[in-house]
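Visitor: Okay, predicted coordinates and the sequence, questions at the end:
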Amino acid sequence: MLTLLAEDDEAVRLLLTEFLEGLGHTVQGAGNGAELVKIALAGRPDLIVTDLHMPEMAGNSMIAMLDMYPDLSGIPVIIITGATHGELADMGIPKEIPVFAKPFDFAKIAAEVERIAAK
């Protein structure tokens, strides 16, 4: 399963990459939403895991941009963020996208990743 990961904090990106690889995923990382969109356009991923607050292009803008491409629309997304509930509402994050707060619980994220993979 190809998973794209957008996270501007390199240490967190490495940690999440190792975690997702441990679940059997092939992971390609990006430091922001713009980088992730370029990678996604080169080859449709099965899952996107993203932070929201990133330089150049935030996660919510990236999600909106991906939805403009018919080939990329509908890719499952998981958000891992330090954003508050109020910030999430202001960003217009669709309620069907699972959101995990930092610091995150690996077991809960693993359960969600496995649920998506089973579809």
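Guide: Structure received. Numbering: from 1, shown residues only.
Visitor: Just checking, which helix or strand succeeds the helix or strand of the chain with the lowest mean pLDDT along the chain?
Guide: In the chain, the helix or strand scored least confidently by mean pLDDT, DSSP states H and E is helix 85-91, which has a mean of 81. Downstream of helix 85-91, the first helix or strand assigned by DSSP states H and E is strand 99-101.
Visitor: just checking, next helix/strand downstream of that next one?
Guide: helix 106-117.
Visitor: Show me which positions of that following helix end up buried.
Guide: Neighbour counts over helix 106-117 (16 or more other Cβ atoms under 10 Å) mark 109, 112-113, 116 as buried. The C-beta positions use only the backbone N, C-alpha and C, and glycine is treated the same way.
Visitor: same check, this time on stretch 37-57
Guide: 37, 39-40, 45, 47-52, 54, 57.
Visitor: again with stretch 85-103
Guide: 88, 91, 93, 97-98, 100.
Visitor: hang on, residue 52 packs against residue 84?
Guide: No. Counting by Cβ atoms under 8 Å, residue 84 is not a contact partner of residue 52; they are 10.6 Å apart.
Visitor: Contact partners for residue 91?
Guide: 52, 58, 60, 83 (Cβ atoms under 8 Å, 6 or more residues apart in numbering).
Visitor: ah, wrong one, I meant residue 25
Guide: 1-3, 47, 113.
Visitor: could you dump the buried residues of stretch 85-103 to a markdown table with distance to residue 15?
Guide: Output for the buried residues of stretch 85-103, formatted as a markdown table (distance: Cβ to Cβ, whole Å):
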| residue | distance to residue 15 |
| --- | --- |
| 88 | 22 |
| 91 | 24 |
| 93 | 23 |
| 97 | 21 |
| 98 | 19 |
| 100 | 13 |
